[in-house]
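> need a 3D model of the following:
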Amino acid sequence: MAKIAKNSRPYQSKEPYTVTRTNLKFVGIAPDHNRTALSKGQKAFNALIKQIEKRRARLTAWEGVVSAFHHKFVGEFTPLERTLKDLRIRLVHRLDQVCDQKGLTKAERRTASDVIAELASDLVAQSGDPELKALYNKHSQSDYDREAASELEDMKWVLEDMLGVELGDDLDMSSPEAVYKRVQAEIEQREAQDLAESQAREERRAKRKKTAKQIAAEAQAQAEQAQLSQSIREVYRKLASALHPDRETDPEERDRKTSLMQRVNQAYANNNLLQLLELQLELEHIDQNAINNISEDRLKHYNTILKEQVGELDQEIMHVEAAFKNSYGIAPFEVVAPGTIVRNLDSDISMLKKDIRALEKDLQAFDDIRQLKAWLKAAKQVAGMDVFGDLPY
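As a prediction, the model looks like this:
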């Protein structure tokens, strides 16, 4: 008997999300013969570099796998999913026919109606087919539209309660796009209101006379920020001075320096200290000895900047993975990883093929009343054991 479950993974075909990364030379502090143990600042520097490299590797892995996933999804998964859906529709109609067939008991007809209602409900949710909706109403002794409206109203109430917003009575809850836009607008309006209130509080606070402690704290924060900016600016200026293409007379060398200068400018604009240091190593403006002998004060500034880069890369990874899940209709809470998505898709494809073969066999068996009765008996037994509510036919 086929396992006619809902979509194993709610993929939807869209253009693949891509990322672009640049591979650069590794930066790190190494012990030398004069110093076998690294300082706390040096260890922190190396740890942050490793964290950045790990996140870069994940982004690069995403870049390499998305195209292969999309090709397999469009070429293999989507056609199989469509075939399975068509077979499920045939199954619903065939069961509806056999409900009036002689030789079935009332209990068997009731089991057939339960299967029809379960499958038709899922299929109507996907396509809105009026014939399937009529079959659902017939065999569930209910009304699909009324149930759907009630569920949407409940969903609206949950969203309003969870997000603390009013979505209004004119919102079409059956449209995910409309719901998303309304929720986004309400959240933005609330954030704008909160920001305005916060700014008003800050303005009132600014009018008050500051204490000596507050003045000193603000001055220290400004000084630290200036030092961080100066640390990056110094590295940038050294690279810019050596690479300025206008000072080069040879056309090929001017083109090379122009390309390198573009990378330097981009790294500086992004406040990307690590990439600037990598470019220095790549161009041999500094060597490993220079990295090993970065002063503790400079390391403190560098480590602060690198921590910010780790956070920015985490945000970038979150954006890439959220965009991937959105592109293929994967639930936001589901964990995805570049090393497993193709393998998981292969597993889903194998499951679809297995379900298709079993369902084709089941449909053929319905021509024999004994096999039909056996199928209904198995369906009833499986439904009775399914504590989570999905009928795995």
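
> so who does R55 touch?
R55 sits next to 310, 313-314, 316-317 when contact means CB atoms under 8 Å, 6 or more residues apart in numbering. Where C-beta positions appear, they are placed from N, C-alpha and C, glycine not excepted.

> try it again at 7 Å.
310, 313-314, 317 (CB atoms under 7 Å, 6 or more residues apart in numbering).

> can you put those residues in TSV and add secondary structure and pLDDT?
Shown next, in TSV, are the contacts of R55 (DSSP: H, G, I helix; E, B strand; the rest coil; pLDDT from 0 to 100):
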residue	secondary structure	pLDDT
V310	helix	92
L313	helix	91
D314	helix	94
I317	helix	95
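
> which of these are buried?
310, 313, 317 (16 or more other CB atoms under 10 Å).

> from those residues, pick the one nearest G164.
I317 (28.6 Å; CB to CB).

> wait, the closest one touches R58, no?
Yes: contact criterion CB atoms under 7 Å: I317 and R58 qualify, at 5.8 Å.

> from A331, how far off is the residue most central in space within the chain?
Residue closest to the average C-alpha location in the chain (CA atoms, centre = their mean): A322, at 2.2 Å. Distance of A322 to A331, given as CB to CB, to the nearest Å: 11 Å.

> endpoints of stretch 63-79, how far apart?
25 Å (CA to CA, to the nearest Å).

> and stretch 162-177, by the same measure?
End-to-end distance (CA to CA), stretch 162-177: 19 Å.

> okay, buried residues for that stretch please.
165, 167, 171, 173.

> and the contacts of that stretch?
Contacts for stretch 162-177 (CB under 7 Å, 6+ apart): 152, 155-156, 159-160, 178-179, 182-183, 186-187, 190.

> what do you get for stretch 237-249?
So stretch 237-249 is contacted by 254, 257-258, 260-261, 264, 276, 279-280, 285 (CB under 7 Å, 6+ apart).

> repeat that for stretch 84-99.
4, 104, 109, 112-113, 115-116, 119-120, 123, 132, 135, 352, 355-356, 359-360, 363, 366, 372.

> just checking, next helix/strand downstream of the helix or strand bottoming out on mean pLDDT in the chain?
Sorting the helices and strands of the chain by mean pLDDT, DSSP states H and E puts helix 212-243 at the bottom, at a mean of 71. For helix 212-243, the following helix or strand on the C-terminal side (DSSP states H and E) is helix 251-269.

> what's the mean pLDDT across that next one?
Taken as a whole, helix 251-269 has an average pLDDT of 83.

> where do the helices sit along the stretch 101-250 of the chain?
Along the stretch 101-250 of the chain, counting by DSSP state H, counting those that start in this stretch, helices occupy 106-127, 130-140, 144-163, 176-207, 212-243.

> in CSV: those, plus distance to V335.
Listed next are the helices of the stretch 101-250 of the chain as CSV, based on distance: least, CB to CB, whole Å:
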stretch, distance to V335
helix 106-127, 25
helix 130-140, 33
helix 144-163, 22
helix 176-207, 22
helix 212-243, 35
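
> closest to P31 out of the ones you listed?
helix 212-243 (23.6 Å).

> show me which residues of stretch 192-205 are buried.
Going by 16+ other CB under 10 Å, stretch 192-205 has no buried residues at all.

> let's see that stretch as CSV, backbone CA atoms only.
Provided in CSV are the C-alpha atoms of stretch 192-205 (Å, rounded to 0.1, in the frame of the first residue of the first chain):
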residue,chain,number,x,y,z
ALA,A,192,8.9,54.0,13.7
GLN,A,193,6.7,54.9,16.7
ASP,A,194,9.1,53.3,19.1
LEU,A,195,12.0,55.1,17.4
ALA,A,196,10.3,58.5,17.6
GLU,A,197,9.6,57.9,21.3
SER,A,198,13.2,56.9,21.9
GLN,A,199,14.5,59.9,20.1
ALA,A,200,12.2,62.2,22.1
ARG,A,201,13.5,60.6,25.3
GLU,A,202,17.1,61.1,24.1
GLU,A,203,16.4,64.7,23.3
ARG,A,204,14.9,65.3,26.8
ARG,A,205,17.9,63.5,28.3
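
> all numbers from here: first residue = 20
Noted, 20 is the first residue going forward, which turns the last one into stretch 211-224.

> can you give me the offset of it from its chain's centre?
33 Å (CA atoms, centre = their mean, to the nearest Å).

> try stretch 250-260
On CA atoms, centre = their mean, the centre of stretch 250-260 falls 36 Å from the chain's centre.

> which parts of it are buried?
Result for stretch 250-260 [16+ other CB under 10 Å]: buried residues 250-251, 254-255, 258.
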